[in-house]
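Q: need a structure here:
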Amino acid sequence: MRVCPFFGPVQQQGALSPPQTRAVGPPAHAQTVLLSCFHARPFSLRGKSCLFHTTVLGSVYSASARIEMFEKTIKNCTINLDALNETSTFSSGDLMTGHVSFELTKETTPTSITMEVTGRLHVHWTSGTKHRTVHSEKRDLFVLKSVIVPENSGMTSLTQKLQPGTHVYPFTCQLPQEDFPTSFRGVHGEIEYTVKVDINRSWNRSKDFVTEFNFVNHMDINQSELSAPLSGSNDMTVCCLWCASGPITVTASAEKKAFTPGETAKVICDFSNASSRRATPTVKLQQKQSYYSSTSVGRRIYFQTLNSSTGQPISPHTTDVHTEFMLTIPPSASLTISNCSILEVEYFIEVSLKVSHSSEVTVMIPIILCSTPVDSQPPKYL
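A: Residues are numbered from 1 along each chain as shown. So this is what the prediction gives:
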């Protein structure tokens, strides 16, 4: 009769072979379990095999201990991407080159080093107060897998174990030639592109390192509408009780439609204030973020003001006031995103005339932020 340390006396079914153990370094109580219960032939235990239970326990501890030791062996891992331009950005069809470097604290033998380049979308938000609904959508734009150092290569030879110190391995990856959206991180979602390097060893042990890179979608700027001026107008009549005051009119125009981050846009405005109240003009650069989810009904819209400028107040009964505003687009502003089904980024120049103690008249001029400068069309003279 044998005694299992977990379940007490058990009935043997045939002769048992001597215990088999592996030196994996578990604590004393785990060693006792392995020595007492890990046999080559299982024996009956309430309809279950004691070998199954104890083997799982020993393997789990062994795997976690080995992984922890492996992670401590590798440190200071960096993924370096060779810059293709001054902004260190990548685009569709680019050949990405670089190298991965890491430091070993002791002699080790990785089985392989693999790389994965991915582009992913993720939108997420919640709605409702009493009953909250989670809206979430994830999509892969592309997943590229390659091998930096394959298995059974020279690096895994027993005579060529990796010694302590710094090791460097180059890599190359060709990005797909497709229309992918620009990198973006917003309040309810993100578009991100990453490079992940896995340093693998036996027993399914690996350590991965991830770095993010900026992806830019280059818009075709050979479109006449991008360099053409835009304009809009709006008006409103101010009322006080049953008495109607004069109209408020706003006319605004931008010299072109496409701008680049860091560029200054000239906004030409004409105001008329025929009311009996003072009015104040304001120009804003507005960003609109739109998030969609195909798995649930609804969308989430978010506006934020990136820059603004306020002009001199316009006195009552004053017409034909001509004003020019210079509105600088922040260099950190993201590019326009219109080629993504679940996330969009739009920009507007908002020109408004706020009447004291009343509402305001607003004109919205849609613009585009792109990566390449666009020259405005010269004025046409009759």
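Q: the closest residue to residue 306 other than its chain neighbours: which element?
A: By the measure of Cβ to Cβ, 6 or more residues apart in numbering, the closest residue to residue 306 outside its immediate chain neighbours is residue 285, 4.6 Å from it. For the C-beta atoms, the positions are set from N, CA and C on the backbone; glycine is no exception. Taking DSSP states H and E as the criterion, the element that holds residue 285 is strand 279-292.
Q: which helices and strands does that strand pack with?
A: The criterion is 3 or more Cβ pairs under 8 Å, 6 or more residues apart in numbering; DSSP states H and E, and the helices and strands that strand 279-292 contacts are strand 112-127, strand 243-254, strand 264-273, strand 299-310, strand 318-328, strand 343-355.
Q: could you give the mean pLDDT of it?
A: Confidence over strand 279-292, taken as the mean pLDDT, stands at 96.
Q: okay, buried residues for that strand please.
A: Of the residues in strand 279-292, those buried under the neighbour-count criterion (16 or more other Cβ atoms under 10 Å) are 279-287, 289-292.
Q: angle of it against strand 318-328?
A: 50 degrees (axes from the mean of the first three to the mean of the last three Cα atoms, to 10 degrees).
Q: for strand 279-292, what is the distance to the chain centroid?
A: For strand 279-292, the distance from its own C-alpha centre to the chain's C-alpha centre is 24 Å (Cα atoms, centre = their mean, to the nearest Å).
Q: between it and strand 112-127, how big is the angle?
A: What separates the directions of strand 279-292 and strand 112-127 is an angle of 120 degrees, with the same axes, to 10 degrees.
Q: alpha carbons of strand 279-292, as PDB, please.
A: The C-alpha atoms that make up strand 279-292 are tabulated as PDB, following Å, rounded to 0.1, in the frame of the first residue of the first chain:
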ATOM      1  CA  ALA A 279     -20.100  91.000 -31.600                       C
ATOM      2  CA  THR A 280     -16.700  89.200 -31.300                       C
ATOM      3  CA  PRO A 281     -15.100  87.200 -34.100                       C
ATOM      4  CA  THR A 282     -13.100  84.000 -33.400                       C
ATOM      5  CA  VAL A 283     -11.200  81.600 -35.600                       C
ATOM      6  CA  LYS A 284     -10.500  78.000 -34.500                       C
ATOM      7  CA  LEU A 285      -8.800  74.900 -35.900                       C
ATOM      8  CA  GLN A 286     -11.000  72.000 -34.900                       C
ATOM      9  CA  GLN A 287     -10.200  68.300 -35.100                       C
ATOM     10  CA  LYS A 288     -13.000  65.800 -35.400                       C
ATOM     11  CA  GLN A 289     -12.400  62.200 -34.400                       C
ATOM     12  CA  SER A 290     -15.100  59.700 -35.400                       C
ATOM     13  CA  TYR A 291     -15.100  56.100 -34.100                       C
ATOM     14  CA  TYR A 292     -17.300  53.300 -35.400                       C
END
